[in-house]
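Enquirer: Got a predicted structure plus its sequence, pasted below:
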Protein chains: 2
Amino acid sequence: MNKNAFRQLSYGVYVVSTWDNGRATGCTANSAMQITSDPATIAVSINHDNYTNQCIQDTGRFAISILGEHSDPGIIGTFGFKSGRDNNKFDEVESLVKGYMPVVADACAYIVCEVVDKMETSTHTVFLGKVVDADVLKQDDAMTYAYYHNVIKGKSPKNAPTYIAEEQPAATGTKYVCGVCGYEYDGEVPFEELPDDYTCPVCKQPKSVFVKKG
Amino acid sequence: MNKNAFRQLSYGVYVVSTWDNGRATGCTANSAMQITSDPATIAVSINHDNYTNQCIQDTGRFAISILGEHSDPGIIGTFGFKSGRDNNKFDEVESLVKGYMPVVADACAYIVCEVVDKMETSTHTVFLGKVVDADVLKQDDAMTYAYYHNVIKGKSPKNAPTYIAEEQPAATGTKYVCGVCGYEYDGEVPFEELPDDYTCPVCKQPKSVFVKKG
């Protein structure tokens, strides 16, 4: 079996959110698909280890914020590389309340669902949600996982100080890679000379988690 | 509720296939996602009305052929716009047998699964399959549904007689649209002058199913 075949399945980039006793929380997810059209239902797959899983089971409701190519990639870091058990993720990301659920304001669309069924597997719960609210928030192409992997992770966002690096690669062959999300620093300024408060543009982790490669 | 939000979910383009009493059959699908990694499981959603659904229930096994951007778009027509009940779809498309299942030879990768669970909804079955075989067949970017919709449907394949139309749009403002798959003819040769055996490059339906618009 060649597991590289799995990489050819297409996914989006989503934040799946819900309430935790009145506190908004959520996690990033790639696996969501519409199942029926009338009534509209959507399936999402959430790992048992994600704190959001238990919160969805308790609340019986979840929202899917669909990130666009122009959504701030830092959202992926906030929701993807920390646990909602210990972090108020929505303190860092502007939110809206839609269909009584917290959604990410910088998403291109959202879908709010009420859990109507679920399928348990060894590591994940597949929640089947009946859509109770949905809307487009801004015109943008949906971010695919391939786009996130190939475009965002490969370079800094345009408004980051490192962006110019694309035309002027660093003189050294040494690479610094974020030990949390795998983002590869490719800025013009040598990594060692970056300010101490430099953080990974994708997952917002501090300079200290970067590891030297090559 | 604005159902346009659903269009922002990302999908691939797949052929889900199985055996029907020793005869290979299948249908196109967009909804497939990996659920667990060890053991690897994949969920696919298949409409009850697809003949393939019943065949998967009987066989307990299915294959997912992942189409690439360079796969023949006619495959989508063969598997997507006819019923396997009355058509031997694999007669028109080159196949391989992998993991004891028929797969599309022109796909960029395949995944063969054994059904381990399922979730029923009003119109679709979500099959959970444990992967028993998988491999990459050729280097290609996976075709996303957005690519199919925006690129393939919007114009003819490069090797089709209509391709030149891109630089030389038809003189008339009238459009001819395939009544089966929605493909919009935009060839240089006026639609009326196309030979009688012209078929839709996407779904292979005859010239007679095209409808005039505009």
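Expert: The structure has been received and is ready for your questions. Numbering: from 1, shown residues only, chains lettered A, B, ... in the order given.

Enquirer: Quick check: beta-bridge partners of the residue lying closest to residue A:136 once chain neighbours are set aside?
Expert: Of all residues not flanking residue A:136 in the chain, residue A:109 sits nearest, at 4.8 Å (Cβ to Cβ, 6 or more residues apart in numbering or on different chains). For every residue, glycine as well, the C-beta is placed using N, CA and C. For residue A:109, the beta-bridge partners are residue A:66, residue A:136 (DSSP bridges).

Enquirer: List the contacts of the residue nearest the centre of chain A.
Expert: Residue closest to the average C-alpha location in chain A (Cα atoms, centre = their mean): residue A:76, at 3.1 Å. By Cβ atoms under 8 Å, 6 or more residues apart in numbering or on different chains, the residues touching residue A:76 are A:13, A:28, A:67, A:148, A:152, A:202-203.

Enquirer: One more: residue A:110?
Expert: A:63-66, A:96, A:98, A:103-104, A:133-135, A:137, B:5.

Enquirer: Rebuild the residues you listed as JSON lines, extending it with neighbour count, pLDDT and distance to residue B:50.
Expert: As requested, the contacts of residue A:110 are arranged in JSON lines below (neighbours: other Cβ atoms under 10 Å in any protein chain shown; pLDDT from 0 to 100; distance: Cβ to Cβ, whole Å):
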{"residue": "A:63", "neighbour count": "32", "pLDDT": "98", "distance to residue B:50": "30"}
{"residue": "A:64", "neighbour count": "29", "pLDDT": "98", "distance to residue B:50": "26"}
{"residue": "A:65", "neighbour count": "32", "pLDDT": "98", "distance to residue B:50": "31"}
{"residue": "A:66", "neighbour count": "29", "pLDDT": "98", "distance to residue B:50": "27"}
{"residue": "A:96", "neighbour count": "16", "pLDDT": "97", "distance to residue B:50": "38"}
{"residue": "A:98", "neighbour count": "19", "pLDDT": "96", "distance to residue B:50": "33"}
{"residue": "A:103", "neighbour count": "27", "pLDDT": "98", "distance to residue B:50": "33"}
{"residue": "A:104", "neighbour count": "28", "pLDDT": "98", "distance to residue B:50": "35"}
{"residue": "A:133", "neighbour count": "18", "pLDDT": "97", "distance to residue B:50": "30"}
{"residue": "A:134", "neighbour count": "24", "pLDDT": "97", "distance to residue B:50": "26"}
{"residue": "A:135", "neighbour count": "17", "pLDDT": "98", "distance to residue B:50": "30"}
{"residue": "A:137", "neighbour count": "21", "pLDDT": "98", "distance to residue B:50": "33"}
{"residue": "B:5", "neighbour count": "23", "pLDDT": "95", "distance to residue B:50": "25"}
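
Enquirer: any chance of those residues in JSON lines, plus distance to residue A:35?
Expert: What follows is those, written out as JSON lines (distance: Cβ to Cβ, whole Å):
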{"residue": "A:63", "distance to residue A:35": "17"}
{"residue": "A:64", "distance to residue A:35": "13"}
{"residue": "A:65", "distance to residue A:35": "19"}
{"residue": "A:66", "distance to residue A:35": "16"}
{"residue": "A:96", "distance to residue A:35": "25"}
{"residue": "A:98", "distance to residue A:35": "21"}
{"residue": "A:103", "distance to residue A:35": "21"}
{"residue": "A:104", "distance to residue A:35": "23"}
{"residue": "A:133", "distance to residue A:35": "17"}
{"residue": "A:134", "distance to residue A:35": "14"}
{"residue": "A:135", "distance to residue A:35": "20"}
{"residue": "A:137", "distance to residue A:35": "23"}
{"residue": "B:5", "distance to residue A:35": "15"}
